[in-house]
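Q: Mind folding the following:
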Amino acid sequence: METELTADLFKPLEGQTFRIHVQEGEPVNAELIEVRGLQGDTVRADKSPFSLLFRGPADAPLQQSIFAIEHDDLGELHLFLVTVGPDPDHDGRGMLYEAVFT
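A: Residues are numbered from 1 along each chain as shown. Just a heads-up that it's a prediction; the model follows:
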């Protein structure tokens, strides 16, 4: 049975490292810095939309795409990541990526 991806599943993982697998080379480490509930309607009344915000290194920016993302407790997930831009809270020393679940 597949695990349902919810904000509650990811919330305890804030501050932890995920490995983003790119086509060539070593995985890129990214920290889950925020799990945020989103306002709006969903297709199912029993599902709440949320987003995940990751911070990766500034020197290895990723293009918007679906990535295999690995975590020690969750295993491998395939998530669509959108580049948000440089992290203003860290003087641009990190790149922010977001995954949205509706």
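
Q: just for the chain, where's the confidence low?
A: By pLDDT under 70, the low-scoring segments of the chain are 1-2, 40-46.

Q: all strands of it, in order?
A: Counting by DSSP state E, the segments of the chain that form strands are 17-21, 28-37, 50-57, 65-71, 75-86, 94-101.

Q: Spit out the contact partners of Glu98.
A: By Cβ atoms under 8 Å, 6 or more residues apart in numbering, the contact set of Glu98 is 51-54, 81-82, 84. Quick note: C-beta positions are derived from backbone N, CA and C, even for glycine.

Q: In stretch 23-43, which residues are buried?
A: 28, 30-35 (16 or more other Cβ atoms under 10 Å).

Q: scratch that, stretch 79-95 is what I was asking about
A: By neighbour count on 16+ other Cβ under 10 Å, the buried set for stretch 79-95 is 79, 81, 86-87, 94-95.

Q: Stretch 69-79 too?
A: If you call a residue buried by 16+ other Cβ under 10 Å, then stretch 69-79 has these buried ones: 69, 79.

Q: Please list the outside residues in contact with that stretch.
A: 3, 5, 9, 13, 16-21, 27, 30, 52, 66-68, 81, 99.

Q: So among those, which ones count as buried?
A: 5, 13, 18-20, 30, 52, 67, 81, 99.

Q: Ala58: which of those is nearest?
A: Closest to Ala58 out of these is Ala30 (11.6 Å), distances taken as Cβ to Cβ.
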